[in-house]
Every structure is written in C-alpha cells, then in structure tokens.
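# give me a model of this one.
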Amino acid sequence: MTSMFNKPWARRAFTALLALAAAGAAQAHPGHAGDGFAAGLAHPFLGLDHLLAMVAVGAWSCLALPAGKRLAGPLVFMALLAVGALLGPQAHIGTAGIEIGVALSVVLFGVLLLVGRKLNATAGLAIVGASALVHGLAHGNDLLNGQPAALAMIAGMLLGSALLHGAGYVAGARMQSAPRWVHQLAAAGLGASGLVMLAARL
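Numbering: from 1, shown residues only. Coordinates of the predicted model:
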C-alpha cells in the first residue's frame with residue numbers, strides 16, 4: 001500500500017481527491033434551479049458524494065462481479081435509488097442523518113473496491129442496494145418535495161445515474177489490466193474522501 005505513494009503523481013492525485021472532498025463536504029448538494037427532466041438529469045452530477053458513489057458502483061461491478069452479471073450492480077442501485085427518491089418526502093428522516101449515511105456509503109464503496117472479489121457478490125449487492133436507498137432519500141428530499149414534475153425528475157435522475165455508472169464501468173475495465181496498487185489507490189482515495197465528508201457532517 002505504501003509503495004504506491006512513492007510515485008509523485010499518485011500522491012498528487014490522492015491529495016487532489018481529498019481536496020475535492022473537503023470542498024464539497026460543506027455543501028454536498030447546491031441549490032437546484034427549475035424542475036422536470038433536466039433538473040433530475042443534472043442532479044447526480046452536482047454533489048461529489050453522489051458522483052463518487054455512482055462511479056464507484058460501475059467500477060466495482062466491472063471488477064468484482066462475474067462477467068455475465070456485471071449490470072447487476074448498476075441495476076440494483078438505480079432501482080433502490082428510485083424507491084428511496086419516491087419515499088424521501090414522506091420518510092420524515094432528518095437531513096443530517098441522511099447526509100451522514102451518504103458519506104458512510106462513499107467510505108463503504110472504497111472498502112468494496114479494496115476487497116473486490118474477496119467479498120461475496122450477494123453481500124456486495126446488498127451494500128450497493130442499501131447505499132442506493134440512502135442516496136435516493138437524499139435525492140428525494142432535494143428534488144421532489146413539493147415538485148409537480150416528480151416522475152420526470154426521477155427519470156432524469158436515473159439517466160444521469162446510469163451515465164455515471166457507465167463512466168465507472170469504463171474505469172473498472174481499464175483497471176482490470178492495471179497493477180494492484182492502482183486499485184488500492186482508487187479505493188484509498190474513495191474511502192478517504194468519504195471520511196472527509198463524514199467528518200464535516202458529524
């Protein structure tokens with residue numbers, strides 16, 4: 001693990017990721033102008049915690065799931081993301097608690113990337129699903145409360161999420177032929193970013 005940080009560019013990349021996390025931690029979800037499909041499509045890209053988690057799901061699915069089941073991670077995430085979004089305005093869960101859960105999910109995705117195929121696929125998908133539900137609650141609180149175009153917003157949000165999953169999948173495919181320390185660096189950066197976000201929200 002320490003050998004990867006002997007490379008100057010690896011240290012710079014790790015530091016930059018932490019800086020991004022710190023910058024995004026105080027205001028995870030900026031204001032959202034408008035409503036409808038376009039607002040939903042943009043929303044997953046506006047919070048670093050959501051963006052990192054969704055990219056991580058795609059990368060983990062590519063790296064850890066069997067070849068014929070690699071779409072399971074994104075599909076499970078998007079299904080429970082939609083459920084959570086629909087429940088969000090009615091769940092009456094405090095925003096602070098949801099934000100802590102979102103930050104914890106980023107930490108967990110770092111762990112998932114680190115352990116890879118050592119973790120049973122069913123257990124990994126359960127973590128993905130539980131995290132997606134928390135992210136969905138956060139999205140629902142942000143987007144849908146009092147909005148007349150809820151279904152269009154959810155459709156846009158799912159498309160935005162799918163694009164991020166796809167980006168993560170491409171990254172995972174490239175990581176398959178990379179040295180082990182590249183996986184470790186990605187996992188460490190992701191987990192550390194989640195910890196920075198968590199610390200800012202406690």
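# for Leu81, give me the pLDDT.
You'll see Leu81 listed with a pLDDT of 94.
# and it, what is it in contact with?
Neighbouring residues of Leu81 by Cβ atoms under 8 Å, 6 or more residues apart in numbering: Ala132, Leu133, His135, Gly136, His139, Met157, Leu158, Ser161. In this view, the C-beta of every residue, glycine as well, is placed from N, C-alpha and C.
# next, the contact list for Ala72, please.
Ser61, Leu65, Ala121, Leu125.
# distance of the last one relative to Leu65?
Read it as Leu125. For Leu125, the distance to Leu65 (Cβ to Cβ, to the nearest Å) stands at 8 Å.
# geometrically speaking, which residue is the centre of the chain?
Nearest residue to the geometric centre of the chain (Cα atoms, centre = their mean): Ala53, 1.1 Å.
# after the strand or helix carrying that one, heading C-terminal, what element do we hit next?
Using DSSP states H and E, Ala53 falls within helix 48-64. Heading C-terminal from helix 48-64, the first helix or strand you meet, by DSSP H and E, is helix 72-91.
# what stretches of the chain score poorly on pLDDT?
1-35, 89, 91-92, 142-148 (pLDDT under 70).
# list the helices and strands the helix ranked longest in it packs on?
Assignment by DSSP state H gives helix 150-175 as the longest helix of the chain. Judged by 3 or more Cβ pairs under 8 Å, 6 or more residues apart in numbering; DSSP states H and E, the packing partners of helix 150-175 are helix 37-46, helix 48-64, helix 72-91, helix 121-143, helix 180-201.
# and these, which is most packed in?
Among those, judged by mean count of other Cβ atoms under 10 Å, the one packed with the most neighbours on average is helix 48-64 (a mean of 26).
# pull the distance from it to the chain's centre.
5 Å (Cα atoms, centre = their mean, to the nearest Å).
# okay, angle between that helix and helix 72-91 too, please.
Calculated by axes from the mean of the first three to the mean of the last three Cα atoms, to 10 degrees, helix 48-64 forms an angle of 150 degrees with helix 72-91.
# and helix 48-64, what does it pack against?
helix 8-25, helix 37-46, helix 72-91, helix 95-115, helix 121-143, helix 150-175, helix 180-201.
# would a markdown table of these with distance to Val57 be doable?
Listed next are the helices and strands packed on helix 48-64 as a markdown table, based on distance: least, Cβ to Cβ, whole Å:
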| stretch | distance to Val57 |
| --- | --- |
| helix 8-25 | 17 |
| helix 37-46 | 11 |
| helix 72-91 | 5 |
| helix 95-115 | 7 |
| helix 121-143 | 6 |
| helix 150-175 | 6 |
| helix 180-201 | 11 |
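# from Asp49, how far off is Leu163?
Leu163 is 17 Å from Asp49, by Cβ to Cβ.
# what of His139?
His139 is 11 Å from Asp49, by Cβ to Cβ.
# quick revisit: among the contacts of Leu81, which one sits closest to Gly194?
His135 (12.7 Å; Cβ to Cβ).
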